[in-house]
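In: Structure for this input, please:
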Amino acid sequence: MNISKNFSYNSFRGRLGRGFLFLLLSLVSFAAAAQSPKTLKQVKKAVYTLQTYDAVGNVLTTSNGFFANEVGDFITSYTALPGCVKAVVIDNKGKVYDVVKVLGANATYDIVRLQTAPIKKLVSTPIDTVNISQMHGTENNSQLKELFLPAIGNEKKAFDMWIPILSTEQAAGSYHYYTLRHTGSPTLSHRPLLDASGNVVAIVQPSVETDTVLYALDIRYALDLAVKALSVNDPCYRTIPIRKALPNDISQALVSLFLVADQNDAALRSEVIDEFIVSFPNSHEGYLNRAAHHIALKNDSAYALAEIDHTLALDRATEKVDEVYFQIAKQILSVALDSMQQYKDWNYQRVLAEIDKARDINPLPIYLQQQGDIYVMMKDYTSAYEKYMEVNHSDIGSPDTWLRTAYIIEQRAGEGDLELAIALLDSAVNKAQLTMDNSQLATQKSAPYVLERALLKARNGLHRLAVVDFNLYEDLVGTINTDRFYYMREQSEAAGRMFQQALDDIDRAIALAPRQPVYLLEKASLNVRVARYAEALPILEVLSKAFPNDMDCNRLLGFCYIQLGDKQRGIPYLEKAATTGDKNAAVLLERYK
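Out: Model prediction:
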């Protein structure tokens, strides 16, 4: 064979090219190894594995992660956590550390920051957040051209490599999002990326084998992840069964407590309250909330635990101690109100005593008002009146407190109490007018209390005086499009024998609610009272077909027929009404049969 004849320039170039490429890659690997960050060994020791488990102990997921500091903040994949009941971190020697809480999470970027149980001699990745902020800008001004991806676990050292940065963009505000020249792989997800100084700069985002580039998120974003006040309702956190941290700021943490207080999720409430007490052990708020949580269980053992928390709350309270006594009083009241769940001396007298302790420290009128309400529950209207009169003359006195005082006196129903109740409502009206500078607004503000005064008079038989207030109310508010108002006024007009006004008002009510049978029956009844039987009859005939067993309708219809000379048709209706228990119909039968 003639070698020279089989030799060509292209084949030589191909062999030379392959040899040169091998040499180039070797040099690159050597250069990369030579230029590996000084902290590479430390970083590799800080990269651990996260494993999650279900309720029976089966492994659900396994993912990469690393410790970002020496206090146990572990950065890893968010998607590894939803649905698990337990999560652990396993180091490169197989030692296991329990995950105790979630510090922050974001489902969009698949990042979560976890807290592990304390670890002695914890190895963490070096991070210089100031340097990242100053040196790693957008693609137009970034001084960073490549990032180092370290091999981990049993991977060969040759996997240590520098990866060129194709672009740097802004993400979630001032954070960086890197695009790197490297093919994707699920095994690379959530690994740290380093700069030349050996500091972790970014964390690799999830990818698949078909990805032609690799994405990475600014490590500062992961470090800044934190549970916020509204996070208790965030589905991102609700899907993770592991305990969640609370905001570091106590005022924000208190918002979290407030948000879960009314939720129908006892497990979530308990988790947030316990976390608050762990995070803020010297705050009385946590113990009061836990006491309320116990009381909601409604059993003696839970009440006993609430008593302990009441004591702890008082022991921890360094300020606003009166508010603590007041909250304890309200919690005891919730039990005292439940006739099915009595406990020790948790009664109205005990509640009053706890509020007295609050008043001794800070005599706020709101405490007096609460005591007044308790006396009403006890039907001690005189004591309730005395408390409310003090409230009325305090800085929280209002038209509503004067109105409440009037109701209390009306319930007492002693000699002269009706006149006193009306006078108290006069004060409510005057108070409402005084609270407004604009005279027109003042009269509108007083209108509801004028209406309440009308209703008070109507309830107590002062119907003509009630009509005066109903008319005043109409003048104050202008056009009224509520059928209920005209019906209420009609009732007082009819009771006060003001029949024409009553007929006019019932027509107004019917015009606004034409299908209301009560109004139609009332109109028929009014016409019967003023001997307008021919006007009442057609209304009653219609109602009788719709409500054949209504005793009032049958009695009135029978009476109308008789008054119009048709006793034969009228008597059966009276008999039908009498058989259903209508005594008035029975009297009429005796008269006309």
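In: pLDDT weak spots in the stretch 101-250 of the chain?
Out: 130-143, 154, 157-158 (pLDDT under 70).
In: Kindly report the same for the stretch 351-500 of the chain.
Out: Applying pLDDT under 70 to the stretch 351-500 of the chain flags the ranges 435-443.
In: can you pull out the helices in the stretch 1-150 of the chain?
Out: 3-6, 9-34, 40-46, 129-135 (DSSP state H, counting those that start in this stretch).
In: all helices for the stretch 451-593 of the chain, in order.
Out: 463-477, 483-495, 499-512, 517-529, 533-546, 551-563, 567-579, 583-592.
In: Go through these and pick out the most buried.
Out: helix 551-563 (a mean of 24; mean count of other CB atoms under 10 Å). All C-beta atoms are positioned from the backbone trio N, CA, C, and that covers glycine.
In: So what touches that one?
Out: By CB atoms under 8 Å, 6 or more residues apart in numbering, the surrounding residues in contact with helix 551-563 are 521, 524-525, 528, 531, 533, 536-537, 540-541, 543-544, 547, 567, 569-577, 580-582, 584-585, 588, 592.
In: hmm, 6 Å instead?
Out: 524, 528, 533, 536-537, 540, 543-544, 547, 569-570, 573-574, 576-577, 580, 582, 585, 592 (CB atoms under 6 Å, 6 or more residues apart in numbering).
In: again with stretch 207-216
Out: Tyr178, Thr179, Leu180, His182, Gly184, Leu193, Ala202, Val204, Gln205.
In: do the same with stretch 542-549
Out: With contacts defined as CB under 6 Å, 6+ apart, stretch 542-549 is touched by Leu520, Cys553, Leu557.
In: So Ala513 versus Ile328, what's the distance?
Out: Ala513 sits 49 Å away from Ile328, going by CB to CB, to the nearest Å.
In: Of those two, give the one with the bigger neighbour count.
Out: Ile328 (25 against 16; other CB atoms under 10 Å).
In: Does that one belong to a helix, a strand or coil?
Out: Following DSSP: H, G, I helix; E, B strand; the rest coil, we place Ile328 in the helix state.
In: sorry, back to before: just give me the closest of the contacts of stretch 207-216 to Asp507.
Out: Gln205 (74.0 Å; CB to CB).
In: Spatially nearest residue to that closest one (excluding sequence neighbours)?
Out: Tyr215 (4.2 Å; CB to CB, 6 or more residues apart in numbering).
In: tell me the SS of that neighbour?
Out: Under three-state DSSP, Tyr215 falls in the strand class.
In: got the residue ranges for the strands in this structure?
Out: All strands of the chain, identified by DSSP state E, fall at 47-53, 59-67, 73-76, 86-90, 96-106, 111-116, 146-149, 161-171, 175-180, 192-194, 200-204, 214-218.
In: The fifth one vs strand 86-90, what angle?
Out: Calculated by axes from the mean of the first three to the mean of the last three CA atoms, to 10 degrees, strand 96-106 forms an angle of 110 degrees with strand 86-90.
In: Alpha carbons only: can I get strand 96-106 in CSV?
Out: Extracted as CSV, the C-alpha positions of strand 96-106 are listed here (Å, rounded to 0.1, in the frame of the first residue of the first chain):
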residue,chain,number,x,y,z
VAL,A,96,-28.0,13.4,59.7
TYR,A,97,-29.3,16.8,60.9
ASP,A,98,-33.1,17.5,61.4
VAL,A,99,-34.7,20.4,59.6
VAL,A,100,-36.6,22.3,62.3
LYS,A,101,-38.2,25.2,60.5
VAL,A,102,-38.7,27.0,57.2
LEU,A,103,-37.1,30.5,57.3
GLY,A,104,-38.2,31.6,53.8
ALA,A,105,-39.4,30.2,50.5
ASN,A,106,-40.3,31.1,46.9
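In: could we number from 38 for the rest of this?
Out: Happy to do that; since the first residue is 38 now, the last one works out to strand 133-143.
In: which strands and helices sit next to that strand?
Out: Strand 133-143 is packed against strand 123-127, strand 148-153, with contacts defined by 3 or more CB pairs under 6 Å, 6 or more residues apart in numbering; DSSP states H and E.
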